[in-house]
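Enquirer: Just the structure for this:
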Amino acid sequence: MFNKKPMSQTALNLGRDENGNANGGAANYKSTFDISKVADGKSGLEKYKPHLGENKIDVIPFNAGPNHPFVVTGQCEEGETVYSLDYYVHKGIGPAKQDFVCLKQYGQHCPLCDESYRLYKAATTKEEKDAATAVRNKRRCIYIVHDLLDGKYYYYDVAWFSFEKLVNSRASLRNDPTTGAPVNPFDWETGKTICFMTKKDKYQGSEFNKIDEGSFDLIDRAPLSDEVLNHSVDLSAGLIMDTEDDMDAALCGKPVTSQKAQSTPAQSTQNTTAQTTSQSTQSAPTQTQAAPAQAQTPTENLANQAMAAAQSTSQPSFDNMQKVETSDAGNGSNCPFGHNWGEADGYGECATCKVWDKCVEAQN
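Expert: Numbers count the residues shown, from 1 in each chain. This next block holds a predicted model:
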């Protein structure tokens, strides 16, 4: 049952931020999300696929559980109202093309972030750089939606850039008449019905209904009824977590076949406010630059061991992340987060920085 608490400001801030909570598949492989683990398999939610043409949905918020990334990192209290499971995933890893939840967003070391960095640093062609970038983490969001066209309830698993970024862009053009702030289309009480159109498209031989980016509209609606809110469930219970060893095994060509739904929170930051976490860790490096799938020279190995020792106790900053402006992407000499240029992947913000590739090139 949904507890009618105010919407979490963390969820709103991070949802509007292109960096999200970053500080941090294939047909033969299951998703990083398992709906059967949600509400003991009794949620009744099927996967939402937008209709061809017109779509009208209401997003149903839920109370964040202990496994939600915002709760694990101390930015949000368990039970606060959020509207999505917003997380990062490495897609198509290894010969089996498996997906893995990025561990960096939980304040842990992530071998796949290391591997992406190593591949990019070693790349000499555009194709090799593209392959390295493909390993990097991608932002996903999962929502509970009420399809107003067929009256059914679903979970909607979609890339942030393909849906929420477009919704936020439309919301930014409308202000709340009371506060003057941009409207919050996800609020259970004052939110909006989200309307959009799709058209047929094809990717790697498969057809799908692609969202028309210019078609989004937000329509006034009444507060969500108790009948609708009764479909609210903690989506974070379905997040599938894997270990560093699982990731290393995938990189070595060994498929991971026994993924478990996360039963306890990932390694958590201390249960402090997001502001305290940010102040104490804002400049802390977060991951080593080891190369898990490539042999190193003794000199490289010693250097990496020293770096790992220096960074082993650090935690990333997830709150108050600076947005990378478009103008920063072309200057080629300044870190948009205020760190040392040429030290790519030494800090948590490197996970989604838009000038990451230029920074890597500068340190070679």
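Enquirer: Pull the contacting residues for residue 229.
Expert: The contact partners of residue 229, taken as CB atoms under 8 Å, 6 or more residues apart in numbering, are 1, 2, 4, 60, 188. Where C-beta positions appear, they are placed from N, C-alpha and C, glycine not excepted.
Enquirer: change it to 7 Å
Expert: 2, 60, 188 (CB atoms under 7 Å, 6 or more residues apart in numbering).
Enquirer: I figured the last one hits residue 225, correct?
Expert: What it means is residue 188. No. Using CB atoms under 7 Å, residue 188 is not in contact with residue 225; the gap is 9.8 Å.
Enquirer: okay, those two: which has more neighbours?
Expert: More crowded of residue 188 and residue 225, by other CB atoms under 10 Å: residue 188, with 23 against 9.
Enquirer: That one: helix or strand, and which one exactly?
Expert: Using DSSP states H and E, residue 188 sits in no helix or strand.
Enquirer: quick one: it from residue 61, how far?
Expert: 5 Å (CB to CB, to the nearest Å).
Enquirer: among the contacts of residue 229, which one has the lowest pLDDT?
Expert: Note: of the contacts of residue 229, the lowest pLDDT belongs to residue 2, at 86.
Enquirer: Residue 215: neighbour count?
Expert: 15.
Enquirer: Helices of the stretch 51-200 of the chain, start to end?
Expert: Along the stretch 51-200 of the chain, the stretches classed as helices by DSSP state H, counting those that start in this stretch are 69-72, 111-122, 126-135, 164-171.
Enquirer: Please point out which parts of stretch 97-113 sit buried.
Expert: For stretch 97-113, burial by neighbour count (16 or more other CB atoms under 10 Å) applies to 98-113.
Enquirer: Could you do stretch 87-96 as well?
Expert: 87, 88, 89, 90, 91, 93, 94, 96.
Enquirer: ok, so of these, who is nearest residue 67?
Expert: Using CB to CB, residue 87 comes nearest to residue 67 of these, at 10.2 Å.
Enquirer: What count of nearby residues applies to residue 54?
Expert: The burial count for residue 54: 12, using other CB under 10 Å.
Enquirer: Which pLDDT does the model give it?
Expert: Residue 54 is assigned 97 on the pLDDT scale.
Enquirer: In space, what's closest to it - neighbours in sequence excluded?
Expert: residue 197 (6.1 Å; CB to CB, 6 or more residues apart in numbering).
Enquirer: With residue 221 instead?
Expert: Nearest one to residue 221, counting by CB to CB, 6+ apart, is residue 193 at 4.6 Å.
Enquirer: where does the stretch 101-250 of the chain have low pLDDT?
Expert: Across the stretch 101-250 of the chain, nothing is flagged by pLDDT under 70.
Enquirer: related to what we said a few turns ago, looking at the buried residues of stretch 87-96, spot the one nearest residue 74.
Expert: Lowest distance from residue 74 to the buried residues of stretch 87-96 (CB to CB) belongs to residue 87, with 15.8 Å.
Enquirer: correct me, but the closest one touches residue 137?
Expert: No. Using CB under 7 Å, residue 87 is not in contact with residue 137; the gap is 9.2 Å.
Enquirer: Domain-wise, how is this protein divided?
Expert: Domain assignment of the chain by automatic domain parsing yields the ranges 1-102+137-260, 284-364.
Enquirer: just so I know, which of those lies nearest residue 125?
Expert: domain 284-364 (13.2 Å).
Enquirer: Could you pull up the mean pLDDT of that closest one?
Expert: Domain 284-364 shows an average pLDDT of 48 in the prediction.
Enquirer: Only alpha carbons, please: show stretch 126-137 as PDB.
Expert: The C-alpha coordinates for stretch 126-137 follow below in PDB (Å, rounded to 0.1, in the frame of the first residue of the first chain):
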ATOM      1  CA  LYS A 126      37.700   5.000 -33.800                       C
ATOM      2  CA  GLU A 127      36.300   1.400 -33.800                       C
ATOM      3  CA  GLU A 128      38.300   0.500 -30.700                       C
ATOM      4  CA  LYS A 129      37.200   3.700 -28.900                       C
ATOM      5  CA  ASP A 130      33.600   2.900 -29.800                       C
ATOM      6  CA  ALA A 131      34.000  -0.600 -28.400                       C
ATOM      7  CA  ALA A 132      35.400   0.800 -25.200                       C
ATOM      8  CA  THR A 133      32.600   3.300 -24.800                       C
ATOM      9  CA  ALA A 134      30.100   0.500 -25.300                       C
ATOM     10  CA  VAL A 135      31.300  -1.100 -22.100                       C
ATOM     11  CA  ARG A 136      30.600   2.100 -20.100                       C
ATOM     12  CA  ASN A 137      27.600   2.200 -17.900                       C
END
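Enquirer: So what's the gap between it and the chain middle?
Expert: 18 Å (CA atoms, centre = their mean, to the nearest Å).
Enquirer: got the contact list for it?
Expert: 22, 88-90, 92-93, 102, 112-113, 115-116, 119-120, 123, 351, 357.
Enquirer: For the stretch 151-300 of the chain, which segments count as strands?
Expert: 153-159, 192-203, 206-211, 217-220, 240-241, 260-261 (DSSP state E, counting those that start in this stretch).
Enquirer: With mean neighbour count and distance to residue 334 as extra columns, can I get those in JSON lines?
Expert: As requested, these are exported to JSON lines (neighbours: other CB atoms under 10 Å; distance: least, CB to CB, whole Å):
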{"stretch": "strand 153-159", "mean neighbour count": "18", "distance to residue 334": "28"}
{"stretch": "strand 192-203", "mean neighbour count": "16", "distance to residue 334": "36"}
{"stretch": "strand 206-211", "mean neighbour count": "14", "distance to residue 334": "34"}
{"stretch": "strand 217-220", "mean neighbour count": "12", "distance to residue 334": "36"}
{"stretch": "strand 240-241", "mean neighbour count": "19", "distance to residue 334": "36"}
{"stretch": "strand 260-261", "mean neighbour count": "14", "distance to residue 334": "42"}
